[in-house]
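> here is a sequence together with a model predicted from it:
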Amino acid sequence: MTPTVSGPKGFLDHYHELIGTWTRKLRSRQQAEDLTHDAFVRVLENPREQVEQPRAYLHQTCLLYTSDAADEEDSV
């Protein structure tokens, strides 16, 4: 899945970086792609939210999603 257009506020400029970073951290490209997808969905669902640093926002969103997933696994 490769984006071909620029997204709002330059978020898509960071797509490949997110995939690479989270593939290394999760050791799974598929999980990294899913995580990146979820982060972008959040951005698109909240278009009115003012984001000054899209790169940091996306990485923080991914981090929060992985923390939530880990918490869910621990509670099972």
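Received the coordinates, thanks.

> how many neighbours does Phe40 have?
19 (other Cβ atoms under 10 Å). Bear in mind the C-beta positions are built from the backbone N, C-alpha and C, glycine included.

> Asn46 now?
Asn46: 10 neighbours (other Cβ under 10 Å).

> how about Thr23?
Neighbour tally, Thr23, other Cβ under 10 Å: 17.

> buried stuff in whichever strand or helix holds it?
Element membership for Thr23 (DSSP states H and E) is helix 15-26. Across helix 15-26, burial judged by 16 or more other Cβ atoms under 10 Å covers Tyr15, Leu18, Ile19, Thr21, Trp22, Thr23, Leu26.

> again, but for stretch 25-39
Leu26, Ala32, Glu33, Leu35, Thr36, Ala39.

> same deal with stretch 41-52?
For stretch 41-52, by 16+ other Cβ under 10 Å, it's Arg42, Val43.

> got the end-to-end distance for that stretch?
End-to-end span of stretch 41-52 (Cα to Cα, to the nearest Å): 18 Å.

> what about that stretch, average pLDDT?
Stretch 41-52 shows a mean pLDDT of 81.

> using CSV, write down the CA coordinates of the helix holding Thr23.
Provided in CSV are the C-alpha atoms of helix 15-26 (Å, rounded to 0.1, in the frame of the first residue of the first chain):
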residue,chain,number,x,y,z
TYR,A,15,3.9,7.4,5.8
HIS,A,16,7.1,5.5,4.8
GLU,A,17,8.9,6.6,8.0
LEU,A,18,6.1,5.3,10.2
ILE,A,19,6.1,1.9,8.4
GLY,A,20,9.9,1.6,8.7
THR,A,21,10.0,2.6,12.3
TRP,A,22,7.2,0.5,13.5
THR,A,23,8.3,-2.5,11.4
ARG,A,24,11.5,-2.5,13.3
LYS,A,25,9.8,-2.0,16.7
LEU,A,26,7.1,-4.6,16.1
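
> kind regards, and thank you for your time.
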